[in-house]
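S.K.: sharing a model prediction with you, sequence too.
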Amino acid sequence: MARQYWLLKSEPGDYSIDDLEKDGTTFWSGVRNYSARNLMRDKMRLGDRALFYHSNADPPGVVGLAEVCRESYPDHLQFDKKSKYFDPKATKETPRWFMVDVEFMEKFPRMVSLGEIRDTAALSDMVLVNRSRLSVQPVRKAEYDRILKMSKT
DNA sequence: GCCAACGTTGGC
DNA sequence: GCCAACGTTGGC
């Protein structure tokens, strides 16, 4: 299958592009929304690319790129009573939440802010603009390419 | 900190 | 299955 493109949101105070650059790879835990989970569990494939987005930031925007380096497996934090992502209804036999691993690709020379994305007609169909709350979302190749280009200029 | 949008829960 | 109540996200 052709490579797919995604957008992953993270609050930089929680986990930023700098954290990913330092770690090299990370597990994308803590997704607790069914639509987002289904995309990760059922659609994300090794080698897919993701725009790394800083939400709840000032300003919010896309700050870099990551690559999916492991396909979905159960998110261990759902079993951890001390975690804020603990889910009492999840069991090891029937886990409810999944995650993928992602690898650092690059940090943009500059952020492509949500404001700029909103101001760009070619990006007006992005899920980010139309259904802002989804924390894992599909991105079209043309949109991905456009944002990448904007980050270099 | 506010609040609109929207997702989830649970009673019926 | 409906829908009111409630909780969360995330821009501003």
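M.R.: Perfect, I can see it now. Remember, it's a predicted structure, so these values are computed and weren't measured experimentally. Numbers count the residues shown, from 1 in each chain, chains lettered A, B, ... in the order given.

S.K.: how about the strands in chain A?
M.R.: A:5-10, A:25-27, A:49-54, A:61-74, A:98-113, A:136-139 (DSSP state E).

S.K.: for those strands, give me JSON lines that also has distance to DNA strand C.
M.R.: Bear in mind the C-beta positions are built from the backbone N, C-alpha and C, glycine included. Listed next are the strands of chain A as JSON lines, based on distance: least, CB to the nearest atom of the strand, whole Å:
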{"stretch": "strand A:5-10", "distance to DNA strand C": "5"}
{"stretch": "strand A:25-27", "distance to DNA strand C": "17"}
{"stretch": "strand A:49-54", "distance to DNA strand C": "7"}
{"stretch": "strand A:61-74", "distance to DNA strand C": "8"}
{"stretch": "strand A:98-113", "distance to DNA strand C": "8"}
{"stretch": "strand A:136-139", "distance to DNA strand C": "9"}
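
S.K.: which of those strands sits closest to A:Y85?
M.R.: Minimum separation from A:Y85 across the strands of chain A (CB to CB) falls at strand A:98-113, 10.0 Å.

S.K.: give me the pLDDT for the residue in chain A that DNA strand B sits nearest to.
M.R.: Residue of chain A nearest DNA strand B, by CB to the nearest atom of the strand: A:Y34 (3.7 Å). With respect to pLDDT, A:Y34 scores 93.

S.K.: same check, this time on the one 3 residues further on
M.R.: pLDDT for A:R37: 95.

S.K.: C-alpha coordinates for the helix ranked longest in chain A, CSV please?
M.R.: The longest helix of chain A (DSSP state H) is helix A:141-151. Extracted in CSV, the C-alpha atoms of helix A:141-151 (Å, rounded to 0.1, in the frame of the first residue of the first chain):
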residue,chain,number,x,y,z
LYS,A,141,-0.3,13.8,0.5
ALA,A,142,-0.8,17.2,-1.1
GLU,A,143,-1.5,18.8,2.3
TYR,A,144,1.6,17.1,3.8
ASP,A,145,3.8,18.3,0.9
ARG,A,146,2.4,21.8,1.1
ILE,A,147,3.1,22.1,4.9
LEU,A,148,6.6,20.7,4.4
LYS,A,149,7.2,23.3,1.7
MET,A,150,5.8,26.1,3.9
SER,A,151,8.2,25.1,6.7
